[in-house]
Every structure is written in C-alpha cells, then in structure tokens.
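**Q** got a sequence here, can you model it:
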Amino acid sequence: MDFLSVLGVVIAFAAILGGNFLEGGQLETLLNGPAALIVIGGTIGAAVLQTPRDVFVRALGISSWVFRPPASNFDQQLKSIVHWASIARRDGLLGLEKIVSKEPGNFARKGLQLLADGAEPSRIRMVMEVDQYNREREDLEAAAVYEAMGGYAPTIGIIGAVLGLIHVMGNLADPSMLGTGIAIAFVATIYGVGLANLLLLPVASKLRAYARQQARVREMLVEGLLSIAEGENPRAISEKLKGFYRAA
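**A** Coordinates of the predicted model:
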C-alpha cells in the first residue's frame, strides 16, 4: 500500500471540505447529482472516445498502481542477475537452460532463453530493447489517459455551469427554480476543476513515475544479460549494475 497516495487524497479533500466548513458552507451544498453526472460522465465519455480500446483497458489495469505500486525489486533483480552470472561462469551459458522455466517474469525468461540458446550480445540487445521499449510505451500511453481526462474535466465542468445558467435563465419567472440551476452551475465547475487537479492529473504523474521505474528495472536486466553473455565476472557485474539501483 502506498500510504503517500492515501495521505495525499485525504489531505486534498480535507483541505477543500475543511475550508468550505470554515467559510460557513455545508456539505450538502457540494453534493449535486446532476453536476456529478455531467462532469464524471462527460469526462469518461471523452476519454473513451479518444482512446484505443487496448490502451484504455491497460489504463484501467494499472490504475491500482496508485495505491498498490508495482514491485520495483531492484535489489532482488540484482541478486538474480549475479546468480545467473555465477551459473554461467561455472556451467557455461547452457547451464542457464535449467532455470529458464523457473523464472516468473516473462521479460527475464525471454532474456535467459536467448542466453541459453547462445544468441549474440547484439541480438540479445536488439530483442530485449524492442520489448522494453514497447512495454514502457504501453505504460506511458495508459498513464496519458488520465492526463487527458484531467484536461477534459474542467471544460466539462464549464459545460455543466453553462447548462445550469441556461436552466436559471429559463426559470427567471419562478424564483423557486433559481437555486437549483445556480447550484448546478457552480458545483459543476468545482467538480471539474477538483477532479482534474486533485485526482486525475496527480494519478497520471504517479503512473508515469512507476512506468519509468519499471523501465529502469528492465534496463538493468538487459545490461546484466549482456554482461553475462560477454563473460564478465559476477562481482564486476554487480558493481556495474548498482548504478541503476542507486539512480532509482
């Protein structure tokens, strides 16, 4: 659990609701079903319209990273690489064949298989870097969905405000109807700006950060595999790859 994410959400909404209370406002004034429907529904609809299906599904899939970050495992991955290097140094690259199926990660398993098959370092780099690039691109595109939603939400909020004002103008002769229209107008704007700046844009930034962190783990793995293919000493490999760990 990422407690910073939980703390950030709590602080953000506590500040808004607390400020509203200190100014004499009531919670009920911020609860408006039509305004929520306009802003949330319009924002999701716009995002669905602009996003390819596979990207949108990926965006939903990684949304849990905000509160349950993916394991970076720099330290564990470094230990695994050094272990593989020791096996290759003792038994040769064919000795890695017996551990390929035991590796849980698809990315690492592919690299180990290439090593065990005796692929040239240049081929290993080409295959693994293409895979790494595509995975990072998919994650960044998924994060961009929330950034796009953060751009749409304030504008949809303005649309909600205009709809509320139209409602007000159409009922000027009936004072009892003015309150509802004005409430929708102002609350829709709050919903749009708040949703964008308190949730969607921060979520997009955090997902991008985790996507880049995962990319660094894979980059370290590629460098480790290449070092093994070139016959480097396990201790030298460990010292070289610690730079990735410290940079993270």
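**Q** from here on, contacts and neighbour counts on C-alpha atoms
**A** Will do.
**Q** how far away is A196 from A229?
**A** 48 Å (C-alpha to C-alpha, to the nearest Å).
**Q** ditto for G41
**A** From G41 to A229 the distance is 53 Å (C-alpha to C-alpha).
**Q** look at the two and report which has more neighbours.
**A** Higher neighbour count among G41 and A229: A229, with 22 against 14, using other C-alpha atoms under 10 Å.
**Q** residues touching the closest residue in space to the more buried one that isn't next to it in sequence, list them.
**A** Closest residue to A229 apart from its sequence neighbours, by C-alpha to C-alpha, 6 or more residues apart in numbering: P121 at 6.1 Å. For P121, the contacting residues are 226, 229-230, by C-alpha atoms under 8 Å, 6 or more residues apart in numbering.
**Q** let's go with 10 Å and repeat that
**A** 114-115, 127, 225-230 (C-alpha atoms under 10 Å, 6 or more residues apart in numbering).
**Q** show me which of these is closest to V203.
**A** Closest approach between those and V203, by C-alpha to C-alpha: V127, at 31.4 Å.
**Q** where is the longest helix in this protein?
**A** Ranked by number of residues, the top helix in the chain under DSSP state H is helix 121-169.
**Q** give me the distance from that one to the chain's centre.
**A** Centroid separation for helix 121-169 versus its chain: 10 Å, with C-alpha atoms, centre = their mean, to the nearest Å.
**Q** any idea of the mean pLDDT in it?
**A** Mean pLDDT, computed over helix 121-169, is 89.
**Q** please report how far the nearest residue to P70 once chain neighbours are set aside lies from V187.
**A** Counting by C-alpha to C-alpha, 6+ apart, Y210 is the residue found nearest to P70 once chain neighbours are left out, at 7.4 Å. Separation of Y210 from V187 (C-alpha to C-alpha): 33 Å.
**Q** now do E147
**A** 22 Å.
**Q** next one: I44
**A** 18 Å.
**Q** the two - which one has more neighbours?
**A** Between I44 and V187, V187 has the larger neighbour count (other C-alpha under 10 Å), namely 25 against 14.
**Q** tell me the contacts of the more buried one?
**A** Going by C-alpha under 10 Å, 6+ apart, the list of residues near V187 reads 29-36, 39, 157-158, 160-161, 164, 193.
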